[in-house]
Each structure stands twice: as structure tokens, then as C-alpha cells.
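Asker: give me coordinates for this.
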Amino acid sequence: RNDQHEDITYLEYLQSYNLKTWRRLAGQAKKRVLSYFPRYRSMESSPQFNDFCRVKLMMSHPHRSPHELLVVGGLRFDSFAAAYKCCREHHDTHSDDHYGEPDRNELRA
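Answerer: Now for the predicted structure:
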């Protein structure tokens with residue numbers, strides 16, 4: 001990606017950019033609706049919780065590698081769950097990614 005796009009989050013790119021030209025959609029264009037697959041369980045007790053946290057970080061933090069998501073606020077964490085916990089404690093201004101919130105059993109078969 002170009003240097004001019006370094007600070008764009010994955011969420012913003014998927015919702016508001018032409019995926020072929022890297023240009024922002026027209027001002028009057030509605031944001032795209034995202035369909036997530038797979039959807040990981042958001043319950044902390046679930047074995048999928050670390051993946052859930054990785055997706056939450058991935059959508060709201062600009063990055064080039066998933067390993068960069070383990071660093072939040074200059075601190076390096078051993079898991080995406082720990083990094084996301086720190087993120088939630090210090091960054092309460094992220095856009096709603098419509099992926100769900102931790103410890104809400106939003107996935108029901």
C-alpha cells in the first residue's frame with residue numbers, strides 16, 4: 001500500500017474505499033456493510049477468544065503484519081487477548097466494527 005494510506009484502518013478501507021483503485025468512495029456514497037466469516041466467539045472462556053481479539057485489533061489499528069497488533073500503546077503483549085484488553089482500557093474511540101463485544105454471546109447456532 002502507498003505511504004498515504006499508512007494510517008487507514010482495515011475497517012475504514014473496507015467500508016469507504018474502492019478496493020481496486022485505493023481511492024475513497026464519493027462523499028455521498030454509503031459505507032459498505034461488512035459480512036464477517038468466520039465469526040469467532042467473543043466469550044473469554046472460549047478457545048476462539050484470542051482470534052476474536054485479533055479481529056477486533058485488526059479492524060481498528062493500522063498494521064502491515066498481524067504481529068504488529070501485539071503492540072498497543074508501546075507495550076508488547078504475548079496474546080491478542082491481552083493486547084485487546086489494553087486497547088479497550090486506553091482507546092475507547094474506535095469506530096463500531098459491528099463484530100460484537102467481548103463476553104456477549106452473540107453467536108448462536
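
Asker: make it CA atoms for all contacts and neighbour counts henceforth
Answerer: OK.

Asker: for this structure, what spans make up the helices?
Answerer: Assignment of helices within the chain using DSSP state H yields the ranges 10-16, 49-60, 80-90.

Asker: deepest of the ones you listed, which one?
Answerer: Among the helices of the chain, helix 49-60 has the highest mean neighbour count (mean count of other Cα atoms under 10 Å), at a mean of 22.

Asker: check which helices and strands that helix is in contact with.
Answerer: Counting contacts by 3 or more Cα pairs under 8 Å, 6 or more residues apart in numbering; DSSP states H and E, helix 49-60 packs against helix 10-16, helix 80-90.

Asker: what's the angle from the longest one to helix 49-60?
Answerer: Meaning helix 80-90. Here the directions of helix 80-90 and helix 49-60 differ by 50 degrees (axes from the mean of the first three to the mean of the last three Cα atoms, to 10 degrees).

Asker: can you list the helices of the chain in CSV and add distance to R104 and mean pLDDT?
Answerer: Output for the helices of the chain, formatted as CSV (distance: least, Cα to Cα, whole Å; pLDDT from 0 to 100):
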stretch, distance to R104, mean pLDDT
helix 10-16, 21, 78
helix 49-60, 11, 94
helix 80-90, 15, 94
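
Asker: a markdown table for the ones you listed, including distance to Y36?
Answerer: Output for those, formatted as a markdown table (distance: least, Cα to Cα, whole Å):
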| stretch | distance to Y36 |
| --- | --- |
| helix 10-16 | 11 |
| helix 49-60 | 10 |
| helix 80-90 | 18 |
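
Asker: of all those helices, which lies closest to Y99?
Answerer: Nearest of those to Y99, taken as Cα to Cα: helix 49-60 at 7.4 Å.

Asker: can I get that closest one in PDB, CA atoms only?
Answerer: Presented in PDB, the C-alpha positions along helix 49-60 are these (Å, rounded to 0.1, in the frame of the first residue of the first chain):
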ATOM      1  CA  PHE A  49     -11.400 -15.700  22.200                       C
ATOM      2  CA  ASN A  50      -7.800 -14.900  21.100                       C
ATOM      3  CA  ASP A  51      -8.900 -14.900  17.500                       C
ATOM      4  CA  PHE A  52     -11.900 -12.700  18.300                       C
ATOM      5  CA  CYS A  53      -9.500 -10.200  19.900                       C
ATOM      6  CA  ARG A  54      -7.200 -10.400  16.900                       C
ATOM      7  CA  VAL A  55     -10.000  -9.500  14.500                       C
ATOM      8  CA  LYS A  56     -11.100  -6.600  16.800                       C
ATOM      9  CA  LEU A  57      -7.500  -5.200  16.800                       C
ATOM     10  CA  MET A  58      -7.000  -5.900  13.100                       C
ATOM     11  CA  MET A  59     -10.100  -3.800  12.200                       C
ATOM     12  CA  SER A  60      -9.200  -0.700  14.300                       C
END
